[in-house]
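> curious how this folds, go ahead:
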Amino acid sequence: MSQGLFQSFDDVVMLGGVRTPRVDYCGALGHLSPTDLGIKAARESLKRAGISGSAIGSVLTGNMAPGDFDQFFLPRHIGLYAGVQVEVPALMAQRICGTGFELFRQAGEQIQAGLTETALVVGTESMTRNPIAAFDHRTGFKLGAPVGFKDYMWEALKDPAAGINMIQTAENLARQYGITREEVDAFASASFAKAVAAQESGFLAGEIVPVVSETFELEGYKPRGIKLQGKTAEVALDTHPRLSPPEVLGKLKAVYEGGVQTGGNSSALVDAAAACVVTSGRWAQARGLKPMARVVAAAVVGVPPEIMGIGPAPAIRLLLEKTGMSLDQIDRFEINEAQGAQTLAVAKDLGLDLTRLNVNGGAIALGHPLAATGVRLTITLARELQQSGKRWGIASACVGGGQGIALLIENLQAS
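Presented below is the predicted three-dimensional model:
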């Protein structure tokens, strides 16, 4: 039996999952606080679920890099400005790229334990507002010493234990699994094409709440809000998807000489938030609310840091072993495309049929706003199962430092 953590849930469902558009780094959402993006997604999730914030018994949020000086208060402010009662506690979770999945896991755990019947999960990230930071200036500047301001986002990509960055971990997997540059570019091109098709068909629009200038009022407290810049009245579309033929991607320079990873076949940098209401099935049924999906089980594992990208493979295996299911029973997979070679390595390790993987495009085309990613993937998977009439889906991601996390969900309307 594989090692790791596994939990199954008897009666946990998703309601009202939604996200903001994913907008390219330094784009139209780049000046907005991740707190306000999270409030926007949270409010719309409650609206689509058909409940008020006062019905929520737990607030679970995720955000990796501080987007402003009030990040400490992000969980609390998202809950309060979404209308959650002041007595209800709020928490910030952190599992890097797996944070969004961790929120669902913790919501299921709380509901399973009888601590609450309802939880609001929100992942939000401003990649643009990652700070230029210094951690060694509190005691002053020494004469002639270097002034140590560094790019928080770039430095965070490097794992000091392994001495390599996340792109290099994908290169390690490419060598280990014999993955060529041509394969990675073809995979990336397909991701872009699927995302463009999902955008043109209206599928992606079904999970997006447009972002507009607005004020978030909270009686007795200062208002917050969103103010779009310039003449922009609304941001409603993901901005990164574009048709990208392999021959075009093939002209891009590899990040490392002789490597397979480029800016075109790695996950895009975007700003976004995503939110979902998670409840017990009996609570939803008693109120006549129709679930998006049932959250069946979660699995979390550790892997060597130098090949952190393989994490989804053992996480998915543990999920299947403990639930007694087989890979062939799973109709759809959403695996975060941190890097093209990394995702292909997972698929090769599992023997996964690529026609069931990321059928509406992945993070190469849509972007990877760290803490928001797992929430988005789970929402997209639930909606895809509904649209296709399929029953079982797994959403998963690798995690920097060497982890993998996976969720099993079920479409309750599938025949």
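
> show me what contacts M292?
By C-beta atoms under 8 Å, 6 or more residues apart in numbering, the contact set of M292 is V13, M14, L15, G16, G17, C276, I379, A382, R383, Q386. Every residue, glycine included, has its C-beta placed from N, CA and C.

> one more pass at 6 Å, please.
By C-beta atoms under 6 Å, 6 or more residues apart in numbering, the contact set of M292 is M14, G17, A382.

> and it, how far from T380?
Counting by C-beta to C-beta, to the nearest Å, the gap from M292 to T380 is 11 Å.

> so where is this protein shaky, pLDDT-wise?
Applying pLDDT under 70 to the chain picks out residues 1-2, 415.

> find the centremost residue of it, please.
The chain has T373 as the residue nearest its centroid, 0.9 Å off, counting by C-alpha atoms, centre = their mean.

> and the helix or strand hosting that residue, what's buried?
Using DSSP states H and E, T373 falls within helix 370-388. By 16 or more other C-beta atoms under 10 Å, the buried positions in helix 370-388 come out as 370-386.

> so which elements touch the longest helix belonging to the chain?
Ordering each helix of the chain by length in residues (DSSP state H) puts helix 181-201 first. Counting contacts by 3 or more C-beta pairs under 6 Å, 6 or more residues apart in numbering; DSSP states H and E, helix 181-201 packs against helix 246-249, helix 340-350, helix 363-366.

> mind doing that once more with 10 Å?
In this structure, helix 181-201 packs against helix 166-177, helix 246-249, helix 340-350, helix 363-366, helix 370-388, with contacts taken as 3 or more C-beta pairs under 10 Å, 6 or more residues apart in numbering; DSSP states H and E.

> what sits against T124?
Counting by C-beta atoms under 10 Å, 6 or more residues apart in numbering, T124 touches 19-20, 32-42, 61-64, 67, 74, 78, 100, 271-275, 369-372, 375.

> same thing with G67?
By C-beta under 10 Å, 6+ apart, the contact list for G67 reads 30-38, 74, 124-131, 271.

> so which residues of the stretch 251-400 of the chain form strands?
Ranges of strands in the stretch 251-400 of the chain, per DSSP state E, counting those that start in this stretch, are 270-280, 293-302, 332-335, 392-399.

> which stretches of the stretch 201-350 of the chain form helices?
Secondary structure of the stretch 201-350 of the chain (DSSP state H, counting those that start in this stretch): helices at 246-249, 281-286, 312-323, 340-350.

> got TSV for those, with mean neighbour count and distance to A406 too?
Listed next are the helices of the stretch 201-350 of the chain as TSV, based on neighbours: other C-beta atoms under 10 Å; distance: least, C-beta to C-beta, whole Å:
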stretch	mean neighbour count	distance to A406
helix 246-249	16	28
helix 281-286	16	21
helix 312-323	24	4
helix 340-350	26	11
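
> out of these, which gets nearest to V255?
With C-beta to C-beta, the closest approach to V255 among the helices of the stretch 201-350 of the chain belongs to helix 340-350: 11.2 Å.

> what angle do helix 312-323 and that closest one make with each other?
Interaxial angle, helix 340-350 versus helix 312-323 (axes from the mean of the first three to the mean of the last three C-alpha atoms, to 10 degrees): 40 degrees.

> so what secondary structure elements neighbour helix 340-350?
Under the contact definition 3+ C-beta pairs under 10 Å, 6+ apart, helix 340-350 sits against helix 166-177, helix 181-201, helix 312-323, strand 332-335, helix 363-366, strand 392-399.

> output the last one as PDB, nothing but the C-alphas.
The C-alpha atoms that make up strand 392-399 are tabulated as PDB, following Å, rounded to 0.1, in the frame of the first residue of the first chain:
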ATOM      1  CA  TRP A 392     -16.000   9.900 -11.900                       C
ATOM      2  CA  GLY A 393     -13.200  12.500 -12.000                       C
ATOM      3  CA  ILE A 394      -9.900  13.100 -10.300                       C
ATOM      4  CA  ALA A 395      -8.200  16.500 -10.000                       C
ATOM      5  CA  SER A 396      -4.600  16.700  -8.900                       C
ATOM      6  CA  ALA A 397      -1.500  18.800  -8.700                       C
ATOM      7  CA  CYS A 398       2.200  18.500  -7.900                       C
ATOM      8  CA  VAL A 399       3.500  20.600  -5.000                       C
END
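
> this completes my enquiry, with thanks.
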